[in-house]
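> What would the 3D arrangement of this be:
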Amino acid sequence: MKKKIVLGCIVLFSGLLVLIAHIFPTRPFVTITNNTNKPLFIYAGESIYDVDPEPEEVERIIRSKPEIIAPGEQYEFTASFISLIRRDAAIDVGWRIGGQYEYNSTGGGGQNFILSSTAGACSVSIKINDGFNNNILEGTPGNLCFKKIMAFKYKY
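Have a look, this model is predicted:
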């Protein structure tokens, strides 16, 4: 009888932790707003900073389907729990305006973020306007999160 009570308490506690993790924003996230009058094709994913992807990862990225955001709408990309554990985890966000591919789009761009436990914000907002690399980046201070998100640009 005691074993069942202990097991029930463990299950209840685990369920409560999962519920809290999904209700409260404990993971950093990026909100993308489409301020254009055309559909926005979003390519977002996670990687490890300064590590080149394996050929299988490149193939998966190429074949991935983008999220499509209508004009005036928003999309939210939240970091995974695995990225909270990883060292040097990064979030990569790219977009195309009006078309999924370069030949049929009227603009595009990208922004990279690194997850840090010391600097940054719990959430970041990207407002995308018409043109290439024409966006506004805003950090939202406050909130409680395990890791913070900090914007950066790759140097080529």
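> could you pull out the strands for the chain?
In the chain, the strands defined using DSSP state E lie at 29-34, 40-48, 67-69, 74-78, 89-97, 107-116, 123-128, 135-140, 148-152.
> Indicate which one of those strands is closest to I10.
Comparing the strands of the chain against I10 with C-beta to C-beta, the closest turns out to be strand 74-78 (26.9 Å). Backbone N, C-alpha and C define where each C-beta goes, glycine included.
> So for the longest helix that the chain contains, mean pLDDT?
The residue-count maximum for a helix in the chain (DSSP state H) belongs to helix 2-23. Regarding helix 2-23, the rounded mean pLDDT is 80.
> do stretch 30-46 as well
Rounded mean pLDDT across stretch 30-46 is 86.
> Next: stretch 89-105.
81.
> Check the offset of that stretch from the chain's centre.
14 Å (C-alpha atoms, centre = their mean, to the nearest Å).
> Same check on stretch 112-121?
12 Å.
> ok, for S80, nearest residue in space, not its chain neighbours?
Closest residue to S80 apart from its sequence neighbours, by C-beta to C-beta, 6 or more residues apart in numbering: E46 at 6.2 Å.
> ok, now which ones touch the one you found?
Contact analysis of E46 by C-beta atoms under 8 Å, 6 or more residues apart in numbering lists 79-80, 82-83, 89-92.
> Please apply the same query to S83.
46, 89, 91, 115, 147.
> Surely G45 touches S64?
Yes - using C-beta atoms under 8 Å, G45 is in contact with S64, at 7.3 Å.
> Of these two, which one has the most company?
Between G45 and S64, counted using other C-beta atoms under 10 Å, G45 has the larger neighbour count: 15 against 11.
> residues near the residue lying closest to the more buried one once chain neighbours are set aside, how many?
If the residues on either side of it in the chain are set aside, G45 comes closest to D92, at 5.6 Å by C-beta to C-beta, 6+ apart. D92 has 17 neighbouring residues, counting by other C-beta under 10 Å.
> C145 against R27, yeah?
Yes - C145 is within contact range of R27, at 6.3 Å (criterion: C-beta under 8 Å).
> just to revisit the earlier point, and the residue nearest to G45, what is it in contact with?
43-47, 110, 112-113.
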